[in-house]
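Participant: Pasting the sequence and the predicted model now:
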Amino acid sequence: MSFLDLARAIFGLAFTLGLIGLAAWVGRRYAPQLLARFGAERGERRLTVVETLVLDPARRLVLVRVDQEERLILLGEGRELIEPRQSLPPLPPGSQP
């Protein structure tokens, strides 16, 4: 292997790593705006996370609102436990959950 082959290999590696770094920078810089634009076209969301509570490193409670119902979900240790449904009074028009 000659010096020129070694220099060409190092230059190719540096060029490839530079392209990967540039793509990562562009993704971090412009991707959130593009994703927000695509998300805005979907319409009103039916599912919202109201609150989360970390119980310990392996488990957490998540309060989720689906339409006019709230569900309490226990996540962790490879399983989920969902509390039975609880209906909520309807929200006044124009208010955010």
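Facilitator: The structure has been received and is ready for your questions. Here the structure is a predicted model, which means the values were calculated and not measured. Residues are numbered from 1 along each chain as shown.
Participant: Low-confidence bits of this protein, can you list those?
Facilitator: 38-43, 84-97 (pLDDT under 70).
Participant: which residues of it fall in helices?
Facilitator: 3-40 (DSSP state H).
Participant: For residue 65, which non-adjacent residue is closest in space?
Facilitator: Nearest residue to residue 65, sequence neighbours excluded (C-beta to C-beta, 6 or more residues apart in numbering): residue 48, at 4.9 Å. The C-beta positions use only the backbone N, C-alpha and C, and glycine is treated the same way.
Participant: Any idea how many residues pack against that neighbour?
Facilitator: 12 (other C-beta atoms under 10 Å).
Participant: Is it in contact with residue 64, as I believe?
Facilitator: Yes: taking contacts as C-beta atoms under 8 Å, residue 48 lies within contact range of residue 64: 7.2 Å.
Participant: elements contacting the longest strand seen in the chain?
Facilitator: Longest among the strand segments of the chain by residue count, using DSSP state E, is strand 47-56. Using 3 or more C-beta pairs under 8 Å, 6 or more residues apart in numbering; DSSP states H and E, the elements in contact with strand 47-56 are strand 59-66.
Participant: and the residue lying closest to residue 51 once chain neighbours are set aside, bridged to which residues?
Facilitator: Spatially, and ignoring its direct neighbours in sequence, residue 51 is nearest to residue 63 (4.6 Å; C-beta to C-beta, 6+ apart). Note on residue 63: beta-bridge partners residue 51, residue 72, judged by DSSP bridges.
Participant: Contacts only, for the closest residue in space to residue 80 that isn't next to it in sequence.
Facilitator: Leaving aside its chain neighbours, residue 80 sits nearest to residue 73 (5.9 Å; criterion: C-beta to C-beta, 6+ apart). For residue 73, the contact set (C-beta atoms under 8 Å, 6 or more residues apart in numbering) comprises 61, 62, 63, 64, 80, 81, 82, 83.
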